[in-house]
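Chemist: Got a predicted structure here, sequence first:
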Amino acid sequence: MATKGYNSYSGRKNGKKIALVVVLLLILLGAVAYLLAQQYVVYDDDGSIRLELPFLRKKETPAPLPSSDEVNIHRDEEDPDAKPSQTPAPLAELHAYELPDRALSGDPGPFLANQSAVVVHCKRFDGSLAYASSIPSLPDSVQRGGAETLSHLKTITDSDCYTVARVTSLCDNAFPLGRPESAIRYPDGQLWYDNYSRTWLDPSQESTAEYLCALARECEALGFDEILLEHFRYPIEGKLGLSSLPDTLDRGAVLGQLIEKIHKAAPSLRVSILLPASLGDDGSFAASGLPVQILSQSFDRIYVPRESAAHNWLTRVLPAEYDRTTRLVLTDFSAPTQGGSYLVCQ
């Protein structure tokens, strides 16, 4: 009697084990099927989901490739609020105010009040950038502003003001530390320094052109109307003859080619130059690679300190047809009483 009871109990136990194994196998098979099916799940634009198995797909005949005469470049629809990339409109008289550096660290709105044109110092004398640049492969030696600077720049360029990005170009103590091949150097390869312990980018180097063109493109993308190049010249404040630059170098031709590349890199951006007050009749303009032909023909505007040696020289040598009202911008710490274009500096 005991043996019979024991056999019936064992049978019930074996039946439960078999059922459990079957359930686990079904769960495992279901999980595998689910994972395999994921690659065939298609999400439609309206959010619905459908299963598209490979043996049910219709084979499509690929469209023939167009010939070289039929290729059209598709451009994504541009932001209606973005400034169009096109040749700038004719110049108008400029009455500009240079914003202080703190305009990028906080709300720049109060600085824009009652201004028709503003200048933002985007690249400083030490080579650092005042904003959070996204230029790829930028050396770590180039310091950049925080993320909030981009929103403040957008506030400035989205305003009704005409906006100018001031960029200290070839005088740079940061970029050459990470890219020494871009700099003017001594014959032994060491960085060359001027009398003020500053390093300079070599305008003839491709890495220099790439960097300045990248800065111009970024200023254009940020919405600036104009880029103002400061220290766009060869240095004259030091013994450049001790550098590896050849004595036969045509400095004007090199700078002319570089400014042409910048124009092509950012075609909708006006490109202007800011001259130092000290350049004048002593031949320093030619030594710096800036003959009057380049100044008058290669730049949209010339910014120069009012009543300086450079201003007096330009007044005499600029062609008679040069529009001094719109293209010659006098810089000072206060607005002039007479007419013409001007920049009030900080």
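Modeler: Perfect, I can see it now.

Chemist: what about the strands in this protein?
Modeler: Listed in chain order, the strands of the chain (DSSP state E) span 41-43, 49-51, 95-98, 117-123, 162-168, 226-230, 270-274, 302-305, 328-332, 341-344.

Chemist: got TSV for the ones you listed, with mean pLDDT, mean neighbour count and distance to Leu215 too?
Modeler: Any C-beta I mention is one placed from the backbone N, CA and C, and that applies to glycine too. Output for those, formatted as TSV (pLDDT from 0 to 100; neighbours: other Cβ atoms under 10 Å; distance: least, Cβ to Cβ, whole Å):
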stretch	mean pLDDT	mean neighbour count	distance to Leu215
strand 41-43	44	10	41
strand 49-51	50	9	47
strand 95-98	98	20	18
strand 117-123	98	24	7
strand 162-168	98	24	6
strand 226-230	98	25	8
strand 270-274	98	22	11
strand 302-305	97	24	18
strand 328-332	97	20	21
strand 341-344	97	22	20
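
Chemist: looking at the ones you listed, which is closest to Leu104?
Modeler: Relative to Leu104, the nearest member of these by Cβ to Cβ is strand 117-123, separated by 7.3 Å.

Chemist: Compute the inter-axis angle for that closest one and strand 162-168.
Modeler: 30 degrees (axes from the mean of the first three to the mean of the last three Cα atoms, to 10 degrees).

Chemist: what angle do strand 117-123 and strand 270-274 make?
Modeler: Using the same axes, to 10 degrees: strand 117-123 against strand 270-274 is 70 degrees.

Chemist: quick one on the thing from earlier: now tabulate the strands of the chain in TSV and tack on distance to Leu240.
Modeler: Below are these laid out as TSV (distance: least, Cβ to Cβ, whole Å):
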stretch	distance to Leu240
strand 41-43	64
strand 49-51	70
strand 95-98	30
strand 117-123	23
strand 162-168	19
strand 226-230	19
strand 270-274	20
strand 302-305	23
strand 328-332	26
strand 341-344	29
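
Chemist: Select, out of those strands, the one closest to Ile184.
Modeler: strand 162-168 (15.5 Å).

Chemist: Would you mind writing the CA trace of that closest one as PDB?
Modeler: Extracted in PDB, the C-alpha atoms of strand 162-168 (Å, rounded to 0.1, in the frame of the first residue of the first chain):
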ATOM      1  CA  TYR A 162      25.600  95.700 -37.700                       C
ATOM      2  CA  THR A 163      28.200  93.300 -36.100                       C
ATOM      3  CA  VAL A 164      32.000  93.200 -36.600                       C
ATOM      4  CA  ALA A 165      34.200  90.500 -35.200                       C
ATOM      5  CA  ARG A 166      37.600  91.900 -34.200                       C
ATOM      6  CA  VAL A 167      40.300  89.200 -34.700                       C
ATOM      7  CA  THR A 168      44.000  89.600 -33.800                       C
END
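
Chemist: Contacts for it, please.
Modeler: The list of residues contacting strand 162-168 from outside it, by Cβ atoms under 8 Å, 6 or more residues apart in numbering, reads 94, 96, 98, 116-125, 127, 156-157, 215, 219, 222-231, 272, 274.

Chemist: Name the strands paired with it and say parallel or antiparallel.
Modeler: Note on strand 162-168: by DSSP bridges, its sheet partners are strand 117-123 (parallel), strand 226-230 (parallel).

Chemist: among those, which is nearest Gly339?
Modeler: Of all the strands paired with strand 162-168, strand 117-123 comes closest under Cβ to Cβ, at 15.3 Å.

Chemist: re earlier: columns distance to Tyr322 on top of the strands paired with strand 162-168, output as TSV?
Modeler: TSV is the format used below for the strands paired with strand 162-168 (distance: least, Cβ to Cβ, whole Å):
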stretch	distance to Tyr322
strand 117-123	21
strand 226-230	18
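
Chemist: Would you mind telling me which of these is nearest Gln257?
Modeler: strand 226-230 (14.6 Å).

Chemist: Could you tell me how far that closest one lies from the centre of the chain?
Modeler: 13 Å (Cα atoms, centre = their mean, to the nearest Å).

Chemist: for the protein, what are the low-confidence residue spans?
Modeler: 1-15, 31-88, 281-282 (pLDDT under 70).

Chemist: okay, which residue is most central for this structure?
Modeler: When Cα atoms, centre = their mean is applied to the chain, the residue found nearest the centroid is Glu218 (2.1 Å).

Chemist: correct me, but it touches Ser133?
Modeler: Yes: counting by Cβ atoms under 8 Å, Ser133 is a contact partner of Glu218 at 6.4 Å.

Chemist: burial of the nearest residue to Ala309 once chain neighbours are set aside, as a residue count?
Modeler: Once flanking residues are discounted, Ala309 sits nearest to Gly280: 3.3 Å by Cβ to Cβ, 6 or more residues apart in numbering. The number of residues packed near Gly280 is 16, by other Cβ atoms under 10 Å.

Chemist: list the contacts for Gly280?
Modeler: 308-310, 312-313.

Chemist: same thing but at 6 Å, please
Modeler: Counting by Cβ atoms under 6 Å, 6 or more residues apart in numbering, Gly280 makes contact with 309-310, 313.

Chemist: Quick check: the nearest residue to Ile156 once chain neighbours are set aside vs Tyr97, distance?
Modeler: Spatial nearest neighbour of Ile156, excluding adjacent residues (Cβ to Cβ, 6+ apart): Pro108 at 5.3 Å. Here Pro108 is placed at a distance of 12 Å from Tyr97 (Cβ to Cβ, to the nearest Å).
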